[in-house]
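**Q** quick one: sequence plus predicted model below, questions after.
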Amino acid sequence: MAAGPGIKPRADGAPFRAGRSARNYAHLAAERLGLDLVDVTYSGATTAHLLREHQNGAPPQIEALDGSEVLVTVTIGGNDAGYVPQLMAAALPRFTRSLPLLGPRLRELLDADARQLALTEVAVALATVGREVRQRAPRATVLFVDYLTMLPPSGASAPPLSEADAALGRHVAATLERLTGEAAVQTGCGWVRAAQASATHHAWSAEPWTTRPGLPWPGRPAPLHPNAAGMRAVADMVVAQAGLAT
């Protein structure tokens, strides 16, 4: 969600699997604020990849901090909760849930109890992220940036998702939004409320900031991820809240 997979052009020197765009919100905000950017966003990252685990050979993202930072932005937690994977699973034909190898994983992603358990763990992980980032970057303004809204409000259809699957997605999204805000308060970080600001710009709206489910195509924003307009909107929010001279 922060990396910007599929938004052209790719960031120079970024690992291919990172899906890192040179027009993601971090790049756009850094340009506006006149900051030198170190971008370690990586598609598919979890809080563990941010804090302690390598991801496809890339070191934990927090190791990029050296204490010289004036601004740190963090978007994380969705992959821990299975947010986009749940929506991707919901968009597949229903018969796939009965396939021998794929079916069990899809059913787990679409299981409300499993998603709730994952969200419970996310709450602790987000607070840990906030504390450790502030410890490593004590001079910086640290901003948690939550997720752009992808689904329309309850009662509006989101084909090909069923209403039950879309409702679960809304619950995961709303809980991630709340947990991000709570972690920001607990750890003295700021909170950029992208979800709230994008409620009328969901993927099924007339002016979407995110993309609908589908197959990934080269040169297009990844399905169920921000598009270029969404990244510009989030960058505007970051700049407005950073408290730095432009």
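**A** Looks like it arrived, so ask away.

**Q** ok, Glu182 to Leu151 distance?
**A** Per CB to CB, to the nearest Å, Glu182 is found 22 Å from Leu151. For glycine as for every other residue, the C-beta is placed from the backbone atoms N, C-alpha and C.

**Q** element containing the most far-flung residue of the chain relative to its centre, please.
**A** Here the chain has its C-alpha centre computed as a mean, and the residue farthest from that point, by CA atoms, centre = their mean, is Pro100 with 30.3 Å. Secondary structure from DSSP states H and E places Pro100 outside every helix and strand.

**Q** same thing with Asp39?
**A** Mapping Asp39 onto the secondary structure by DSSP H and E places it in no helix or strand at all.

**Q** pretty sure it contacts Ala11?
**A** Yes - using CB atoms under 8 Å, Asp39 and Ala11 qualify as a contacting pair, with a distance of 6.3 Å.

**Q** shared neighbours, those two?
**A** Each of Arg20, Asn24, His27 lies in contact with both Asp39 and Ala11 under the rule CB atoms under 8 Å, 6 or more residues apart in numbering.

**Q** go through these and name the one nearest Gly243.
**A** Nearest to Gly243 among those is His27, at 19.6 Å by CB to CB.

**Q** in contact with the closest one, which residues?
**A** Under the criterion of CB under 8 Å, 6+ apart, the neighbours of His27 are Ala11, Ser21, Leu37, Asp39.

**Q** what's the spacing between the first one and Leu37?
**A** Okay, so that is Ala11. Distance of Ala11 to Leu37, given as CB to CB: 9 Å.

**Q** which one of the two has more residues nearby?
**A** Neighbour totals were compared for Ala11 and Leu37, and Ala11 leads with 21 against 14 (other CB atoms under 10 Å).

**Q** surely that one touches Arg20?
**A** Yes - if you go by CB under 8 Å, Ala11 and Arg20 touch, sitting 4.3 Å apart.

**Q** what about the helices in the chain?
**A** 25-33, 47-51, 78-81, 83-91, 102-109, 112-136, 163-187, 194-197, 228-242 (DSSP state H).

**Q** for the residue lying closest to Pro9 once chain neighbours are set aside, the count of nearby residues, please.
**A** Once flanking residues are discounted, Pro9 sits nearest to Ala22: 5.0 Å by CB to CB, 6 or more residues apart in numbering. A total of 17 residues lie near Ala22 under the criterion other CB under 10 Å.
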